[in-house]
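**Student:** Below are the sequence and a predicted model; questions follow.
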Amino acid sequence: MLNTCPSCGAYHADQIVIPAGPLVICPECRARRPFLYLPLLLVGGASGAGKTAVLDSLLGRVPEVVLLEGDLLWRPEFHQPENNLRDFYETWLRLAKSIHQSGRPVVLFNAGAIPQNVEPCVERRYFSATHYLALVCEEELLAERLRARPSWRDSGDAAFVEAQQAYNRWLLENAATTEPPIQLLDTSAATVAGAAREVAAWIDARLTVESG
């Protein structure tokens with residue numbers, strides 16, 4: 001939508017963004033057009049920390065935003081850890097900015113939704129702000145949750161469990177130092193309903209900050 005100029009037809013992911021408009025400017029013909037410049041909210045965390053359960057609990061309860069599961073767009077060719085899954089997150093940001101033009105911010109739930117993966121993207125420029133929340137929990141509890149999943153999900157494999165524990169540990173140790181920082185929500189002692197209320201409150205607070 002925004003990447004194709006209606007005046008000259010040129011396609012650019014790197015349109016020039018003027019926040020004060022807000023406007024996008026075509027790098028080819030300099031044509032200007034308004035767009036909705038909204039914040040993007042991202043909820044991450046290791047597998048087993050509670051993202052999917054919270055998302056399912058929130059569906060239909062926060063109509064002011066669009067809640068989306070990151071795995072909806074996942075394809076094997078996106079597995080490019082050497083460049084922080086850049087193509088995957090560029091694709092998600094392109095979709096999110098298009099949804100934003102209908103007037104509602106996106107809240108994306110995805111394990112790797114952290115600043116290192118999102119902020120370098122070309123498409124990041126189309127969002128007024130990015131806000132990050134990560135769900136974390138105690139390591140042994142994380143392992144228990146993963147091992148309790150149905151066998152077809154292959155979540156109980158020792159290597160997978162160890163990798164998720166390591167990621168959970170990384171979030172606990174580094175969330176405060178990323179740019180922007182990641183807010184943490186510990187789900188160890190929380191019910192799904194309780195964690196969902198906390199996430200809903202976080203969403204509301206971030207939207208209130210942006211609207212103020």
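**Tutor:** Looks like it came in fine. Numbering: from 1, shown residues only.

**Student:** Could you pull out the helices in the chain for me?
**Tutor:** Assigned by DSSP state H, the helices in the chain fall at 51-58, 86-100, 115-118, 139-147, 158-174, 192-211.

**Student:** Tyr126: which of the ones you listed is closest?
**Tutor:** helix 86-100 (4.1 Å; Cβ to Cβ). Heads up, the C-betas are built off the backbone N, CA and C, glycines and all.

**Student:** circling back to that earlier point, which of the helices of the chain sits closest to Ala10?
**Tutor:** Closest to Ala10 of these is helix 86-100 (Cβ to Cβ; 16.3 Å).

**Student:** which secondary structure elements does the closest one contact?
**Tutor:** When contacts are defined as 3 or more Cβ pairs under 8 Å, 6 or more residues apart in numbering; DSSP states H and E, helix 86-100 packs onto strand 40-45, strand 106-109, helix 115-118.

**Student:** winner for burial among the ones you listed?
**Tutor:** A comparison of those by mean neighbour count, using mean count of other Cβ atoms under 10 Å, puts strand 40-45 on top with a mean of 27.

**Student:** Just the mean pLDDT for that strand, thanks.
**Tutor:** Across strand 40-45, pLDDT averages out at 98.

**Student:** likewise stretch 24-31?
**Tutor:** pLDDT averaged over stretch 24-31 gives 97.

**Student:** hey, C-alpha coordinates of that stretch in CSV?
**Tutor:** Provided in CSV are the C-alpha atoms of stretch 24-31 (Å, rounded to 0.1, in the frame of the first residue of the first chain):
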residue,chain,number,x,y,z
VAL,A,24,5.3,9.7,3.3
ILE,A,25,7.3,11.2,0.4
CYS,A,26,8.2,9.2,-2.7
PRO,A,27,12.0,9.1,-3.2
GLU,A,28,11.5,9.2,-6.9
CYS,A,29,9.0,11.9,-7.7
ARG,A,30,8.8,13.6,-4.2
ALA,A,31,5.0,13.2,-4.2
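
**Student:** so how far is that stretch from its chain's centroid?
**Tutor:** On the basis of Cα atoms, centre = their mean, to the nearest Å, stretch 24-31 sits 28 Å off its chain's mean C-alpha point.

**Student:** Please apply the same query to stretch 34-41.
**Tutor:** On the basis of Cα atoms, centre = their mean, the separation between the geometric centre of stretch 34-41 and that of its chain is 14 Å.

**Student:** do the same with stretch 4-11
**Tutor:** Distance, stretch centre to chain centre, for stretch 4-11: 28 Å (Cα atoms, centre = their mean).
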